[in-house]
Every structure is written in C-alpha cells, then in structure tokens.
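**Q** My questions concern the predicted model and sequence given below.
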Amino acid sequence: MIEDTILNQFCVRAIDKSAILSSESGERAYELETIHHGICEDESEEAERLASISTVSQDTLGFELDFEVDMYPYDLTTFTSDKQVNAKFVWGGHAPGGRNYMEKCRFDPGDKVLCVVHQGYDAVIPAIVVGPLSEEYIRELYEIDSEMQLIYSSADEVIEEWLDWDWDSVIVRPLVRLKNDWEEMGEVVMIPRVYLFPYKKFEV
C-alpha cells in the first residue's frame, strides 16, 4: 500500500534512567519525541510545510519527510534542526551487488554522531561510527547471533531476504547503551544511515 509523505519533527527529552545499561563519561542519551506535522501530497507542499514550522525549539534534533510503500520507507529524507538536508534514502540497490551497496554516509568511521533508534527504544543515543553495513558483517553476525539463527537457516538466507531499507545501515558503537523489557543494546548496533545526525548535547 502506498502512503502519502508524512512530515515529522524529532525532539529529545530526558530519558528514564532505568533504561540506561551503561554510559561513557559525560555522554547522554535522550528519549525521542516525534511530532507529526501532517501529510504532504507533493514536493511543493513538502517544502512549504517544512518551511512553515517556525517554532524550532532548543530540543529539536531534526526533521524527516517519509514516503512509505507497504509500511517501509521508500523515499525518506532527514533534515538537521536548521532544516538543511541531512541524508536521503531512496529504495533500490542497497543489497550486495546493487548500485547503492554500502552507500556513502556523510559521517566517516571514528566520527561521533547522534542516532535515532526506533525499534524497542524510541531514543536518541550518542555513538561512534564504525562503518557501513556489509555482507561480511552479516556473515560474522550470523555465526554468533542465536536469535538470527532461529529466524534464518543460513547467512545466505539473511543476505537474500533482507530488505533494501535494512541494508542501507551503518554500524555504530553506542556511547550510551540502553535496555528494555526484552533486550539489552549490544556493543555495536545497526542504524539506518538516514538516522545519523551531527553530534551535540541537549539541556533537557
């Protein structure tokens, strides 16, 4: 099913300390607050709606324009808090052998960034960029990830069945690790490339 483009604003607020598994000295994670600014029917309305948001608070991390097909991002652009383009994802070619495999990230290995983490956390964490997601990383992960082994019969099956959206990810090392009711954040995690933002600290 094809959905209209949705404009969202990403803000941060204080996180429940019980959600923090570990943190490096001086680093902070935040709870993610997503503010919906409505549906856009075309590119002209997208630009107008984004420009019209006049109340950009001090706790704003950035924005996204998300056009989805079958519940997955198909064309997604993130913006920094000053409404400059941060990163863009367009579906297609991100799996191994594709034209966009290991697509260039605006951040280099070793850079400190802020990451939006949706699944199970709805948080913003500081992290160090390790590098783009690769086929080799998936093969190594499969050998040690018992949950992945339950879902897939082999690393080849993972590589074959993973969605284009999942392939366009970056490996990062969290500087603050979180936990929820069913898992603890690992020493490294995969974050969609478009959800890496410039590092900064918020007074929340």
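**A** Perfect, I can see it now.

**Q** C-alpha from now on. contacts and neighbour counts both.
**A** OK.

**Q** Give me the residues contacting the worst-scoring helix or strand of the chain on mean pLDDT.
**A** None of the helices or strands of the chain scores lower by mean pLDDT, DSSP states H and E than helix 43-52, at a mean of 86. Under the criterion CA atoms under 8 Å, 6 or more residues apart in numbering, residues Thr5, Leu7, His37, Cys40, Leu65, Lys83 lie in contact with helix 43-52.

**Q** Now a ChimeraX select for only the buried ones of those.
**A** Those of the contacts of helix 43-52 that count as buried under 16 or more other CA atoms under 10 Å are selected in ChimeraX with:
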select :5,7,40,65
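
**Q** now, which of the contacts of helix 43-52 sits nearest Ser134?
**A** Taking CA to CA as the measure, Ser134 lies nearest Leu65 of the contacts of helix 43-52, at 26.3 Å.

**Q** Tell me which helix or strand that closest one sits in.
**A** strand 60-69 (DSSP states H and E).

**Q** any idea how far Cys115 is from Leu133?
**A** Per CA to CA, to the nearest Å, Leu133 is found 15 Å from Cys115.

**Q** meant to ask about Ser44, not that
**A** Counting by CA to CA - Ser44 and Cys115 are separated by 28 Å.

**Q** between the two, which one's more packed in?
**A** Between Ser44 and Cys115, counted using other CA atoms under 10 Å, Cys115 has the larger neighbour count: 25 against 9.
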